[in-house]
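In: build me a model:
(chains A, B, C and D)
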Number of protein chains: 2
Amino acid sequence: MTKESSSKTRKPKRGQTREALMAAALDLVVKKAPFSSLSLREVTKRAGVVPTAFYRHFPDMSALGLTLLDESFRTLRHMMRQVRQEELPNERMLRGSLEVYFNYVRDNRAHFLFVSKELAGGTPTMRNAIRREIRMFTNELAMDMARFPFLNHVNAEDLQMMAGLVVNNVTALTQEMLELEESDEFDQNQVLVTAEKQLRLIYFGVGMWKSRPDQ
Amino acid sequence: MTKESSSKTRKPKRGQTREALMAAALDLVVKKAPFSSLSLREVTKRAGVVPTAFYRHFPDMSALGLTLLDESFRTLRHMMRQVRQEELPNERMLRGSLEVYFNYVRDNRAHFLFVSKELAGGTPTMRNAIRREIRMFTNELAMDMARFPFLNHVNAEDLQMMAGLVVNNVTALTQEMLELEESDEFDQNQVLVTAEKQLRLIYFGVGMWKSRPDQ
DNA sequence: ATATCAAGTCAACACCTGTTCACTTAATTT
DNA sequence: AAATTAAGTGAACAGGTGTTGACTTGATAT
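Out: Numbers count the residues shown, from 1 in each chain, chains lettered A, B, ... in the order given. The predicted model follows:
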């Protein structure tokens, strides 16, 4: 027998049920309620499948949730890596980065809504998983900042503090963005403009910052 | 008959059921799940009352939720007024204000958890009500800032932007605080220290800010 | 060609849900 | 003292919930 045939070429004809379940859940999150208050039965119903079929793909709803979470952050991480490629965050590229990010939010509205609602309202497991991902972004941002010459005198703790400030604010603005109608381009742009000013203000503050030497 | 007797002096002996229902709901929010996924029956059960008794006090669960929301913000507004009494937000009083605020959060953990979970995960009505309250705080903060001489050259839109930055960050830190164990005083203090630094950094940035004159 | 096995269906279960109606009880008004 | 009315109870409803087990189907592997 060929090497791959034993475990890889199994592709059942109607094998997209798993994806259908995930899509159905996301759909319901956008149109109905947070994931944590969806029922197994309504998810299967929207996926066009009988309730018991669910168990062929996930042991329970929380497993579906964690899979959705992984999907949400895997693509987000990928995008962030690309943004981080760019050099020297002077004021000019600030706007550019924000545009890339918020366009991404717009294109992945369902995933962000899912995460946003679970961040405070999900199960402890879910909340911790999300907060861990966000903390990772904060750490990466702090590491990026550490490489800039004009931040040489800032200690690690203060870099973390600064990155936290940025991430907190971007998170809040993301949620604000998600509350807007998809068609409301005016207010969406308004959020973007405000975001840019706020980050520039932080940028000014960072420039003035002096870490206490004894820390 | 006396004037008051006709409609005011009705105080039935066991008339604390309404309060018991509200307390039970808050209790469940802390120990179980967000308010929006609580059932009428479990709330009445925890309140030690039969399900049908609920309807003597609220038409449905969402009415209970809005009452809880009102209660949450009424006392919070009261506290904020007192904090706003203080004069001139130089760097010294920053720490003081933060301590007062986070002590208040600690003393009203259930209410803040309730609000925090509904902010993103509640019904549209609930979410809008909460966001309206938060916007009010932002406006009041912007008005306070407008009175400081060194911010005379900053236009109204930018004041709003600055206040938004502060409120966004304090909101995020509040949620971070709520995730900590009530006994974890070390990390609680850590959040407080970080908060103070972040607000000081914003303060520096505000000092450097120049509004564009054409706006 | 036959056997295997993943992935689907169907019926049934015990339980929890919101809401109704008719009834009781006790305090206030008259 | 009698009448009224707010606030409690209890039984019952129609419907939604997660999960079980036995069954079917169709593609892959032998």
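
In: flag every buried residue along the worst-scoring helix or strand of chain A on mean pLDDT.
Out: For chain A, counting by mean pLDDT, DSSP states H and E, helix A:91-107 ranks last in confidence among helices and strands (a mean of 91). Residues of helix A:91-107 classed as buried: A:94, A:97, A:98, A:101, A:102, A:104, A:105 (neighbour count, 16 or more other Cβ atoms under 10 Å in any protein chain shown). C-betas here are computed from N, CA, C, even on glycine.

In: chain neighbours aside, what residue packs nearest to the fifth one?
Out: Of all residues not flanking residue A:102 in the chain, residue A:192 sits nearest, at 5.8 Å (Cβ to Cβ, 6 or more residues apart in numbering or on different chains).

In: so which strand or helix has that neighbour?
Out: Using DSSP states H and E, residue A:192 sits in helix A:185-208.

In: mind listing what's buried in that helix?
Out: So, applying 16+ other Cβ under 10 Å, buried residues of helix A:185-208: A:188, A:191-192, A:194-206.

In: name the nearest of these relative to DNA strand D.
Out: residue A:188 (33.4 Å; Cβ to the nearest atom of the strand).

In: surely that closest one and residue A:177 touch.
Out: Yes. Counting by Cβ atoms under 8 Å, residue A:188 touches residue A:177, with 6.4 Å between them.

In: what do the two both touch?
Out: Shared contacts of residue A:188 and residue A:177, defined by Cβ atoms under 8 Å, 6 or more residues apart in numbering or on different chains, are found at A:102, A:106.

In: for residue A:59, helix, strand, or coil?
Out: Using DSSP: H, G, I helix; E, B strand; the rest coil, the three-state assignment for residue A:59 comes out as coil.

In: tally of neighbours for it?
Out: By other Cβ atoms under 10 Å in any protein chain shown, 9 other residues sit near residue A:59.

In: now do the same for it: its pLDDT.
Out: If you check residue A:59, the pLDDT there is 98.

In: pLDDT weak spots in chain A?
Out: Within chain A, the stretches with pLDDT under 70 are A:1-14, A:87-90, A:213-215.

In: skipping adjacent residues, who's closest to residue A:171 in space?
Out: Once flanking residues are discounted, residue A:171 sits nearest to residue B:172: 6.4 Å by Cβ to Cβ, 6+ apart.

In: so the one you found sits right up against residue A:168, yeah?
Out: Yes. Between residue B:172 and residue A:168 a contact is recorded at 3.8 Å, counting by Cβ under 8 Å.

In: pretty sure the residue nearest to residue A:102 contacts residue A:97?
Out: No. Here residue A:192 does not reach residue A:97: they are 11.3 Å apart, not a contact under Cβ under 8 Å.

In: before we move on, back to that, keep only the buried residues of helix A:91-107 that also lie close to DNA strand D.
Out: Among the buried residues of helix A:91-107, not one lies near DNA strand D by Cβ under 7 Å from any atom of the strand.

In: closest to residue A:161 among those residues?
Out: Ranked by distance to residue A:161 (Cβ to Cβ), these are led by residue A:94 at 19.3 Å.
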